[in-house]
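Chemist: everything below, folded, please.
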Amino acid sequence: MLDNIVKILNKYNLDRNDSIRIAEKILNNDLVLKYGYLPEELNSSIKELRYTNKFNWDIQIGKKTNMAMLHLHSWEPLSYLLIAYHYTLEEKYLKKIFQLIESWYDSSKTFETKYQYYTHCVADRSIILAYIFKLDYTNQNTKLIEYLVKNHIDYLGNDKNYVKYNHGAMIDRSLIILSLITENNEYLEKGIYRFKNNVSNTFTDNMICVENSITYSIYNLELIVSTQKYILDPYINGVSLISNFDVAIQTALTFVDSLKKPNNTFPLYGDGELVTTDSLKKTILYAHYYDHKIFKKYSITTNKLHSFYYPQEGYLIIKNRNFHFFIRCGDIVKNHKHGDDTSFTLYYNKDIFIDPGTYNYDKGKIRNYLNSSLAHNNILVNGEDYDYIKNDPSSVSINEFNDNTNHYHIKLKNNSYHSARIYRNFYILKNDFTLVIIDDISSPLKNVNTQVFNISKDFLPNFNSIISNNRILINNELSVSSKCLTNFEIQLNNKSIYSEKFHSLEYIPRLLINATGSNHVITTVVSLDLNNDIINSINENNIEFKHKEDNFNLNFTKEDKNVELENYIHIFKQQDFHLIEVFSNFYKNQDFAIYIYKDDIRLDTIWYQDSNKFKYIFNTPGKYRIRCFIRNKNDFNQKREFSMYKIIK
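Modeler: Numbers count the residues shown, from 1 in each chain. Model prediction:
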C-alpha cells in the first residue's frame with residue numbers, strides 16, 4: 001500500500017532526482033511549500049520559510065499568504081520528504097518529518113488558524129499520517145502519530161465537517177485510506193458510501209463536472225481515479241465509485257477534450273489556472289488513460305466546423321483546425337461561478353477575445369473584479385453585476401442552438417438583472433467565421449447597455465486602433481463594427497487585467513461599446529476581413545445580406561419581455577446631475593426618503609417627499625450605497641426600507 005500512497009502524494013509526478021533535490025533543501029531548513037511556486041525556483045529562498053526551532057506556523061507572505069498557509073498546514077513539505085524517503089529509504093528524511101510534525105503539533109496547542117482544521121489540509125495531512133502509521137516506525141514518537149491518526153480519522157468521518165464536490169472527494173479518499181490502515185470497517189463503509197454519492201452529485205449523466213471550472217473538472221477526476229486505481233481496486237474487491245468506471249472516465253475526458261483549442265490549451269472559465277495538453281500529462285489521469293486523445297495534440301486538421309452542444313450543462317463549442325468559439329452559460333451549482341453567463345471566447349489562428357482568468361481566491365478588489373460581469377465578454381446593464389450567486393439557475397441558459405446551412409445561431413438568456421431581460425444572439429457565418437452579435441435588452445428604463453470585449457494579450461505590445469465610420473480596426477487585423485460606435489472606450493491600462501496562473505497578473509486591452517436606451521437592440525460584427533461591411537445591411541427588422549457570394553437571412557425576433565421593477569434603484573446621468581429613481585410598491589399611498597453612503601460613511605440625507613425621483617450631484621465616481629425608506633402616508637408608523645449598491649462613473 002505504501003507504493004500507492006506515494007503515487008497519490010506525488011501530485012507533481014516528481015522523479016527520484018527531483019524529489020531528492022527538494023528534500024535536501026528542506027533538510028537544510030529551507031521549506032518548499034509548493035513545488036514551482038513557493039518558492040518558484042529551488043535555488044531561491046523565502047525568508048519566512050526558513051525553519052528554526054521557534055518556527056512560526058502562522059507565516060505571512062504578502063499576497064501569497066493564504067496559499068502559503070494552505071500548503072503549510074497541508075504538510076506539503078512533509079510530502080516531499082516522504083517521497084524522497086520512499087525512493088531512497090534514507091532515515092534522515094523520516095527524522096525530519098517527525099521533527100516537523102512535533103513542531104506543528106506543539107504550535108497547534110497555543111496557536112489557532114482556520115487552516116489547522118480546514119478540510120483540504122486535514123485530508124492531505126491524513127495521507128501522510130497513513131503512510132507513517134503503516135510504516136510502523138518505532139524509533140520516533142509513535143504515540144503522537146497514533147493520536148493524530150485517531151484525531152484525523154474522527155474529523156474526516158464526522159458529517160459536520162463534510163462538504164460536497166472536490167473537498168468531499170478529498171475527505172472521503174483520505175477517510176478510506178486511514179480506515180484501511182487502521183482496519184476501521186465502519187468508517188471504511190461510510191467513506192465509500194459518501195464518495196459514491198458525491199461522485200453522482202459532482203458529475204452529470206454526461207460525466208460533465210458541475211463545478212464551474214476546467215481545473216476542478218480535472219481535479220475531481222484525479223481524486224476519483226486515484227482512489228479507484230490505487231486504493232479500491234488493489235485492496236477492496238468489487239467496489240467501484242462509478243458504474244462502468246473506465247468508460248465513465250473516458251466519457252468525462254472526451255468532454256474536456258471537446259474544449260481543446262487549436263493551440264493545445266483549454267479556455268479559461270470560472271476559477272482555475274490555464275490548462276494545457278502538456279500540463280495534463282503530469283496528472284494521475286495520464287498514467288491510466290494515456291492513449292486518450294485529450295493527451296494528444298489538437299486532432300482537427302480540416303476546415304470543416306464541428307459543434308459540441310451540452311444544453312443541460314450549458315456548454316457550447318464550435319471549432320475547426322484554426323477556429324474556436326466557446327460559451328459557458330448556465331449553472332447547476334454555484335461553486336467557482338463567475339458572472340459570465342452571456343460571455344464567450346474566440347480564437348481564430350490566435351486568441352482574439354479571452355476570459356480574464358483567476359488571480360487568487362482571497363477576498364478583495366482583484367478577486368471581486370475577475371468574478372464580476374464587467375471582467376468577461378458580456379453584455380452589461382448600467383455597468384452593474386447581476387446576482388450570479390443568488391439568482392435562479394433557470395434564469396441563465398443557452399436558449400437555442402441552430403446549425404443552419406450557412407451559419408450557426410446561438411441564443412443566450414440572462415434574466416437575472418432586476419431591471420432588464422437579456423437575450424444575446426450569436427450568428428457565426430460558416431464561409432469566413434464572421435461573428436454577428438445581436439443583443440436584445442428589454443427594460444422600461446433608460447439604461448446604459450455595454451458590450452465588453454477583452455482582447456487577447458497576443459495583440460500586445462504594439463496595440464493600436466483606428467476608428468473609421470462604424471468600425472474599429474485593431475492592429476490592422478481585426479474589425480469590430482457597430483452602429484453604436486458613437487460611444488465607445490478602448491482601455492489599455494490597469495482597468496483590464498488577465499491572469500493565467502495564480503498571483504500572475506498582466507494587463508490586456510479591452511473594448512467597451514455603450515448604447516443608451518430602453519428596450520434596446522445592439523448589433524456588432526466581428527471579422528478578420530477588414531473590408532467587411534455587412535453591418536450596413538443589418539437592422540432590427542431586416543437581417544438579410546450577401547457576403548462572400550453567400551446569401552444570409554439571420555433569424556432574429558425581438559423579445560419584448562415585461563420587466564416588473566420592485567425594490568429597485570435606477571440612477572441616470574442627466575446633464576450636470578444624476579436622477580435617482582426608487583421603484584417600490586410597499587403601500588398604496590407612500591412617500592420616499594434616501595440616505596447616500598460611500599465607504600460606509602453617510603454622505604447625505606434627503607427627507608421624505610411624494611416623488612420617487614431625487615436629483616443629486618455625485619462629486620466623485622465610485623461605489624455608493626443608496627438606502628431607501630418607504631413610508632405609508634396613511635400611517636407614518638409603517639415604514640419599510642431596502643438598499644442597493646450603485647456604481648457612479
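Chemist: distance-wise, check the spatially most central residue of the chain relative to Thr283.
Modeler: Within the chain, the residue whose C-alpha comes closest to the C-alpha centroid is Gly270; the distance, by C-alpha atoms, centre = their mean, is 1.7 Å. According to C-beta to C-beta, to the nearest Å, Gly270 and Thr283 sit 19 Å apart. All C-beta spots, glycine's among them, are computed from the backbone N, C-alpha and C.
Chemist: quick check: the residue nearest to the centre of the chain vs Ile332, distance?
Modeler: Distance of Gly270 to Ile332, given as C-beta to C-beta: 12 Å.
Chemist: now do Lys114
Modeler: On the measure of C-beta to C-beta, Lys114 and Ile332 end up 28 Å apart.
Chemist: now swap in Lys546 and tell me
Modeler: Distance from Lys546 to Ile332, counting by C-beta to C-beta: 42 Å.
Chemist: which one's more surrounded, these two?
Modeler: Ile332 (16 against 10; other C-beta atoms under 10 Å).
Chemist: the more buried one looks like it's in a helix, true?
Modeler: No. Using DSSP: H, G, I helix; E, B strand; the rest coil, the secondary structure at Ile332 is coil, not a helix.
Chemist: can you pull the contacts of Asn371?
Modeler: His338, Gly339 (C-beta atoms under 8 Å, 6 or more residues apart in numbering).
Chemist: go on, Pro621?
Modeler: Pro621 touches Ile648, Lys649, counting by C-beta under 8 Å, 6+ apart.
Chemist: at 10 Å what do you get?
Modeler: Ile647, Ile648, Lys649 (C-beta atoms under 10 Å, 6 or more residues apart in numbering).
Chemist: in strands only, show me these.
Modeler: Ile647, Ile648 (DSSP state E).
Chemist: residues shared between the contacts of Gly270 and Ile332?
Modeler: Common contact partners of Gly270 and Ile332 (C-beta under 10 Å, 6+ apart): Glu211, Asn212.
Chemist: so Asp257 sits against Phe295, correct?
Modeler: Yes. Counting by C-beta atoms under 10 Å, Asp257 does reach Phe295; the two are 8.9 Å apart.
Chemist: overlap in contacts of these two?
Modeler: In contact with both Asp257 and Phe295: Thr277, Leu280, using C-beta under 10 Å, 6+ apart.
Chemist: ranges for the helices of the stretch 201-350 of the chain?
Modeler: Taking DSSP state H, counting those that start in this stretch as the criterion, the stretch 201-350 of the chain carries its helices at 214-227, 233-235, 245-258, 277-280, 284-289.
Chemist: JSON lines for the ones you listed, including mean pLDDT and distance to Ile354?
Modeler: Formatted as JSON lines, the helices of the stretch 201-350 of the chain follow (pLDDT from 0 to 100; distance: least, C-beta to C-beta, whole Å):
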{"stretch": "helix 214-227", "mean pLDDT": "97", "distance to Ile354": "14"}
{"stretch": "helix 233-235", "mean pLDDT": "96", "distance to Ile354": "40"}
{"stretch": "helix 245-258", "mean pLDDT": "98", "distance to Ile354": "19"}
{"stretch": "helix 277-280", "mean pLDDT": "96", "distance to Ile354": "18"}
{"stretch": "helix 284-289", "mean pLDDT": "96", "distance to Ile354": "25"}
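Chemist: buried deepest among those, which one?
Modeler: Highest mean neighbour count of these: helix 214-227, a mean of 23 (counted as mean count of other C-beta atoms under 10 Å).
Chemist: who does the helix of greatest length in the chain touch, helix- and strand-wise?
Modeler: Ranked by residue count and defined by DSSP state H, the top helix of the chain is helix 91-110. Contact here means 3 or more C-beta pairs under 10 Å, 6 or more residues apart in numbering; DSSP states H and E; on that basis helix 91-110 packs against helix 16-27, helix 65-73, helix 76-88, helix 119-135, helix 142-157.
Chemist: so after the last one, what's the next helix or strand?
Modeler: Think helix 142-157. The first helix or strand that comes after helix 142-157 along the chain, using DSSP states H and E, is helix 166-182.
Chemist: Ile192: neighbouring residues, count only.
Modeler: Ile192 has 21 neighbours, counted by other C-beta under 10 Å.
Chemist: gap between it and Thr202?
Modeler: Ile192 is 15 Å from Thr202, by C-beta to C-beta.
Chemist: kindly report the same for Leu14.
Modeler: Taken as C-beta to C-beta, the span from Leu14 to Thr202 is 28 Å.
Chemist: pick out whichever of those two has more residues nearby.
Modeler: Thr202 (24 against 21).
Chemist: quick one: that one and Asp172 touch, right?
Modeler: No. Using C-beta under 10 Å as the test, Thr202 is too far from Asp172 to be in contact (11.3 Å).
Chemist: so what sits against both of the two?
Modeler: Common neighbours of Thr202 and Asp172 (C-beta under 10 Å, 6+ apart) are Leu223.
Chemist: hmm, Ile648 is touching Thr620, no?
Modeler: Yes. With contact defined as C-beta under 10 Å, Ile648 reaches Thr620; the gap is 8.0 Å.
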